[in-house]
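[1] Model the structure of this input:
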Amino acid sequence: MISFIIPAYNEEALLGETLDAINLAAAPIGQPYEVIVVDDGSTDRTAAIAAERGARVVTVRLRHIAAARNAGARTARGELLVFVDADTIMPGIVLAAALQAIEAGAVGGGAGALQDTDDPRWGRAALCMASWIMRQLKWAAGCFFFVRRDIFERVGGFDERYFASEEIHLSRAVKKHGRFVILRGKVITSGRKGRLFGGRAIFVQFAAALWPSTLKRRERLGLWYDGQREKGRQ
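    Okay, here's the model as predicted:
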């Protein structure tokens, strides 16, 4: 079984499209699957939208992305865990490639990412550059991460000491146990951080995140925990 795990906080604007894309991608595969939405303290219709589309809702109040992902994994029944962000579209070709990689002996991996629109104009280029860097380092972006369940449990899941960059730490840990792949296909993720915060704020946030202590302090990571949301994809 494949378990899709989506951490979500006030994601009513984008979650429905994300879940529709998962079901569209998974249906032709011919394998049993489940979709788990970890509703981390939402005050909007996130849980209702998830339930309407057949997802199992796990309710937590952690406001911690790594911990929310781990909470979903603990309830999952699948041998393959696929973590998808609530603002990310996973094309069927990406899922098929991930399954082929696992069947060929990989223990986990990720994919590149494209921004959903050209707004902000610099956002798409910045994301492509970040994806290229992560591909060279063989780090999976947090918006899409797949891993065999036994390996995930062996390394202890996402490192909950960190409120951001947890996908990098998990990538490093998983790579020690086998082949870790970054797929050629790309997922489509929201450029809302650029639209909501602007380039200067993003640069300052990522510069501050170079200090590991920052990544362990939620109050210093407004880019992830500010709570601002758009009304929908542009």
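
[2] contacting residues for the residue nearest the centre of the chain?
    Geometric centre of the chain, nearest residue: Cys143, 2.7 Å, by C-alpha atoms, centre = their mean. Going by C-beta atoms under 8 Å, 6 or more residues apart in numbering, Cys143 touches Val84, Asp85, Asp87, Thr88, Ala113, Val187, Thr189. (Each C-beta comes from the backbone N, C-alpha and C, glycine too.)

[3] Can you list which of those are found in helices?
    Judged by DSSP state H, the contacts of Cys143 include no members of helices.

[4] Highest neighbour count among the residues you listed?
    Scoring these on neighbours with other C-beta atoms under 10 Å, the highest-scoring entry is Val84 at 27 neighbours.

[5] Please state the offset of the longest strand along the chain from the chain centre?
    Longest strand in the chain by number of residues (criterion: DSSP state E): strand 180-189. Here the centre of strand 180-189 is set off from its chain's centre by 12 Å, with C-alpha atoms, centre = their mean, to the nearest Å.

[6] Parallel or antiparallel, which strands does that strand pair with?
    Strand 180-189 has the following strand partners under DSSP bridges: strand 88-89 (antiparallel), strand 108-115 (parallel).

[7] helix or strand right after the first one?
    For strand 88-89, the following helix or strand on the C-terminal side (DSSP states H and E) is helix 92-103.

[8] For that following helix, name the packing helices and strands.
    helix 15-26, strand 80-84, strand 108-115, strand 144-148, strand 180-189 (3 or more C-beta pairs under 8 Å, 6 or more residues apart in numbering; DSSP states H and E).

[9] wouldn't Leu19 be in contact with Val35 here?
    Yes - between Leu19 and Val35 there is a contact at 6.4 Å, judged by C-beta atoms under 8 Å.
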